[in-house]
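1. can't give you the sequence, but here's the structure:
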Ligand SMILES: Nc1ncnc2c1ncn2[C@@H]1O[C@H](COP(=O)(O)OP(=O)(O)OP(=O)(O)O)[C@@H](O)[C@H]1O
């Protein structure tokens with residue numbers, strides 16, 4: 001069942017079109033990734049899903065209702081979640097808990113119990129993010145919207161946050177996750193929507209997006225004796241062949257390894273230092289958005 005349904009969503013700020021005809025559905029229990037360069041419309045979209053912004057056109061339904069009517073079912077951690085520097089972790093949790101008749105206490109599961117007396121301003125980036133998740137979940141939401149949760153964290157804290165997100169999903173919460181990190185999307189997300197200039201340019205599982213890239217598989221080896229490159233190029237599975245010193249680098253489709261090793265066996269050539277690489281979601285993202293760092297606007 002779709003727990004989030006976005007249809008032809010449009011939103012502009014004055015003359016600037018931030019989101020243009022965006023449609024997607026998120027199934028209950030999914031972690032759905034929202035990816036794209038700066039200014040692509042990700043935050044505006046998830047703010048409309050959270051009921052914090054009103055769409056100019058199209059529709060958004062969460063649990064079949066307008067988001068503003070089911071606010072209690074949506075937990076939101078926004079990009080700029082800041083609390084007063086002197087507020088203690090325990091005080092923040094108590095304050096947010098007071099908004100709900102039966103608040104959920106995630107502090108133990110998120111490893112916050114030994115930090116309840118710590119002031120917000122003294123917390124590490126990872127602890128601030130864990131507190132932000134605890135506050136987003138205090139109302140036992142069915143849907144959690146997490147916007148750039150791990151930006152600014154060191155790699156270890158980012159990985160720790162990923163396992164927290166997996167725990168949240170295991171508890172049955174559907175997650176809409178805005179991220180700039182492809183590794184994060186690949187590890188966590190069931191499906192991702194790649195945004196560019198206010199539109200979704202691709203929507204699929206991370207592995208399906210990767211397999212769309214031409215030459216998604218690369219086989220590298222040093223042939224035991226000279227090999228006519230044209231023989232490799234003639235294989236239907238091969239998209240390109242290049243030589244790096246003695247090494248040949250063959251790119252192509254999924255069945256590339258079998259095709260190349262069969263050819264070598266027929267020619268009685270041994271592949272030395274054989275290595276197979278798969279392109280990553282990072283490569284797919286660069287191809288879909290036209291650049292890694294290029295902002296959209
Ligand atoms: N409150 C606002 N007023 C005017 N323009 C805005 C406002 N919020 C966003 N925009 C513009 O709308 C476009 C989409 O912004 P949005 O924040 O949704 O993108 P984003 O993909 O989340 O970017 P980022 O990764 O930088 O957070 C951008 O051009 C941005 O400058």
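-> Ah, there it is. It should be emphasised that the depicted structure is a prediction, and the values quoted were computed from it without experimental measurement.

2. Return the residues of the protein in contact with the ligand.
-> For the chain, the residues in contact with the ligand (C-beta under 6 Å from any ligand atom) are 13, 16, 18, 36, 38-44, 297. (Glycine included, C-beta is placed from N, CA and C.)

3. what's the farthest-apart pair in the residues you listed?
-> Greatest spacing in these, by C-beta to C-beta: 13 and 36 (17.1 Å).

4. higher neighbour count, the two?
-> Neighbours per residue (other C-beta atoms under 10 Å) separate residue 13 from residue 36, with residue 36 holding more: 27 against 11.

5. got a list of what the more buried one touches?
-> Contacts for residue 36 (C-beta atoms under 8 Å, 6 or more residues apart in numbering) come out as 42, 194-196, 289, 296.

6. OK, contacts around the spatially closest residue to it that is not a sequence neighbour?
-> In space, and not counting its chain neighbours, residue 36 is closest to residue 195: 3.3 Å by C-beta to C-beta, 6 or more residues apart in numbering. By C-beta under 8 Å, 6+ apart, the contact list for residue 195 reads 22, 34-36, 40-42, 45, 201.

7. can you tell me which of these are in strands?
-> Counting by DSSP state E, the part of the contacts of residue 195 found in strands is 22, 34-35, 201.

8. Reformat those into TSV and put distance to residue 185, neighbour count and pLDDT next to each item.
-> What follows is these, written out as TSV (distance: C-beta to C-beta, whole Å; neighbours: other C-beta atoms under 10 Å; pLDDT from 0 to 100):
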residue	distance to residue 185	neighbour count	pLDDT
22	18	25	97
34	9	28	96
35	6	29	93
201	15	15	92
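
9. And whatever helix or strand residue 168 lives in, what does it pack against?
-> Per DSSP states H and E, residue 168 falls inside helix 155-170. Using 3 or more C-beta pairs under 8 Å, 6 or more residues apart in numbering; DSSP states H and E, the elements in contact with helix 155-170 are helix 125-136, strand 174-178, helix 182-188.

10. I'd like the ones you listed written out as a markdown table, with distance to residue 220, mean pLDDT and mean neighbour count added.
-> Listed next are the helices and strands packed on helix 155-170 as a markdown table, based on distance: least, C-beta to C-beta, whole Å; pLDDT from 0 to 100; neighbours: other C-beta atoms under 10 Å:
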| stretch | distance to residue 220 | mean pLDDT | mean neighbour count |
| --- | --- | --- | --- |
| helix 125-136 | 37 | 87 | 22 |
| strand 174-178 | 34 | 95 | 24 |
| helix 182-188 | 22 | 88 | 20 |
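
11. who does the residue of the stretch 101-250 of the chain found nearest the ligand bridge with?
-> Relative to the ligand, the nearest point of the stretch 101-250 of the chain is residue 195 (6.1 Å; C-beta to the nearest ligand atom). Applying DSSP bridges to residue 195 gives these bridge partners: residue 200.

12. what's the distance between it and residue 127?
-> Note on residue 195: its distance to residue 127, by C-beta to C-beta, to the nearest Å, is 30 Å.

13. got JSON lines for the helices and strands packed on helix 155-170, with distance to residue 232 too?
-> JSON lines is the format used below for those (distance: least, C-beta to C-beta, whole Å):
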{"stretch": "helix 125-136", "distance to residue 232": "48"}
{"stretch": "strand 174-178", "distance to residue 232": "41"}
{"stretch": "helix 182-188", "distance to residue 232": "29"}
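
14. shaky segments in the stretch 1-150 of the chain?
-> The stretch 1-150 of the chain contains residues with pLDDT under 70 at 78-81.

15. What of the stretch 151-297 of the chain?
-> In the stretch 151-297 of the chain, residues with pLDDT under 70: 214-215, 291-297.

16. those helices in it, which residues are they?
-> Ranges of helices within the stretch 151-297 of the chain are 155-170, 182-188, 206-211, 229-233, 256-266, 281-289, based on DSSP state H, counting those that start in this stretch.

17. want to try JSON lines for these, with distance to residue 176 as columns?
-> Listed next are the helices of the stretch 151-297 of the chain as JSON lines, based on distance: least, C-beta to C-beta, whole Å:
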{"stretch": "helix 155-170", "distance to residue 176": "11"}
{"stretch": "helix 182-188", "distance to residue 176": "12"}
{"stretch": "helix 206-211", "distance to residue 176": "16"}
{"stretch": "helix 229-233", "distance to residue 176": "44"}
{"stretch": "helix 256-266", "distance to residue 176": "36"}
{"stretch": "helix 281-289", "distance to residue 176": "18"}
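
18. Quick one: residues contacting the residue nearest the centre of the chain.
-> Central residue of the chain (C-alpha atoms, centre = their mean): residue 185, 3.0 Å from the mean position. Counting by C-beta under 8 Å, 6+ apart, residue 185 makes contact with 33, 35, 177, 179, 192, 206, 281.
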